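Undergrad: Predicted model and sequence below, questions to follow.
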Amino acid sequence: MLRIAIQAKGRLNEKTMSLLADAGISASVGSRSLIAHAKGADVDLLLLRDDDIPQAVAMGTADIGIVGLNEVEEKNANVERVMDLGFGGCRISLAVPREADYKGLEWFNGKRIATSYPAILSRFLDKNGIKAKIHTITGSVEIAPAIGMADAIFDIVSSGGTLVQNGLVEVESVLESQAVLIATPELSEEKREELDNLCFRFRSIIESRGMKYVLLNLPKSSLDKALTILPSMKSPTVLHLADPDWLSIHAVIPESQLWERISRLKAIGAEDILVLVLENIVK
Ligand code: ATP
Ligand code: MG
């Protein structure tokens, strides 16, 4: 039985639960419980604050965990980074007041930087030979310069809207983060097998996200042109219809290219176009 540490509530919780549910692991999690046994798989969920997940996995309290790479790096936890999960994307960046005369990293020499990520920041500053004073704060880091607590900040950025609101500009992106699957360094052989099985499911789910399954009817005379328009896993499936002048074509298309490809297919005579959600791609 695997014990998986996940964020109890917060930004990663919902997407983590839905990834697990897609992989056949669902649990009804009470608001106060710390641990839940999953339905449909021999798995326990340990519900923690994200800060505590790297250590819980490093110590073996949980066998594996799902957490932001930023937390893993900050805690410098002794864990295996098993796979990237493709959600919870953000970066940790240095930002300075808009009016600062910023020309490069040397600007930070002698400055006070507020952050909730002192370990990542101090590694970065050391590597670049910059001597700055790090103020560790847990709350709203982005207001520190405005209230005179710091000259700059080092914090999570996703859209950048919060920085703009606080009169700050991002000047150096230090870490690209996303949710990652981590594992304790000493997994038994049996648990390793369970983990491999879970990774296989996660991979097929992640790969199918953003892909659509498209079916359409096409005049036979347009087949060569259609083959240049359609991407697919190997090559599109081409089936005969009862009417000898028409074919049915099936293909897997990335969502980002869907409408552009469909309008080109319509232009060469495609009709009856069905777009279906793809649940899994198993390779
Ligand atoms: P906890 O109560 O579990 O300690 P938290 O308040 O520390 O939660 P959240 O704000 O829920 O953390 O964020 C969890 C993770 O989501 C972050 O560590 C980061 O990896 C990721 N994340 C993605 N986008 C953002 C964002 N815009 N702001 C903050 N975190 C983000
Ligand atoms: Mg936290």
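TA: Sure thing, it's come through. Residues are numbered from 1 along each chain as shown. Ligands and ions are numbered 1, 2, ... in the order given.
Undergrad: only C-alpha atoms for contact and neighbour calcs from this point on.
TA: Noted.
Undergrad: Starting from residue 263, give me the distance back to the closest residue to ligand 2 within the stretch 151-283 of the chain.
TA: Per CA to the ion, the residue of the stretch 151-283 of the chain with the smallest distance to ligand 2 is residue 156, at 11.9 Å. In this view, residue 156 and residue 263 are 39 Å apart by CA to CA, to the nearest Å.
Undergrad: next one: residue 216
TA: According to CA to CA, residue 216 and residue 263 sit 12 Å apart.
Undergrad: got the domain boundaries for this structure?
TA: What the record gives for the chain is the domain set 2-89+179-207, 90-177, 210-277, from automatic domain parsing.
Undergrad: mind checking which of those is nearest ligand 1?
TA: domain 2-89+179-207 (3.3 Å; CA to the nearest ligand atom).
Undergrad: Pull the distance from that closest one to the chain's centre.
TA: Centre-to-centre, domain 2-89+179-207 and its host chain are 13 Å apart (CA atoms, centre = their mean, to the nearest Å).
Undergrad: Same question for stretch 231-242.
TA: Stretch 231-242 sits 32 Å away from the centroid of its parent chain (CA atoms, centre = their mean).
Undergrad: Check what contacts that stretch and list those residues.
TA: 227, 230, 246, 247, 248, 249, 250, 251, 252, 253 (CA atoms under 8 Å, 6 or more residues apart in numbering).
Undergrad: Are any of the residues you listed buried, and if so which?
TA: Buried by 16 or more other CA atoms under 10 Å: 230, 246, 247, 248, 249, 250, 251, 252, 253, out of these.
Undergrad: and these as TSV, adding secondary structure and pLDDT?
TA: Below are the buried ones among the contacts of stretch 231-242 laid out as TSV (DSSP: H, G, I helix; E, B strand; the rest coil; pLDDT from 0 to 100):
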residue	secondary structure	pLDDT
230	coil	90
246	strand	97
247	strand	97
248	strand	97
249	strand	95
250	strand	95
251	strand	94
252	strand	92
253	strand	92
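Undergrad: quick revisit: more neighbours: residue 156 and residue 263, which one.
TA: Neighbours were counted for residue 156 and for residue 263 using other CA atoms under 10 Å; residue 156 has more, 24 against 12.
Undergrad: show me what contacts that one?
TA: Residue 156 is in contact with 90, 91, 92, 93, counting by CA under 8 Å, 6+ apart.
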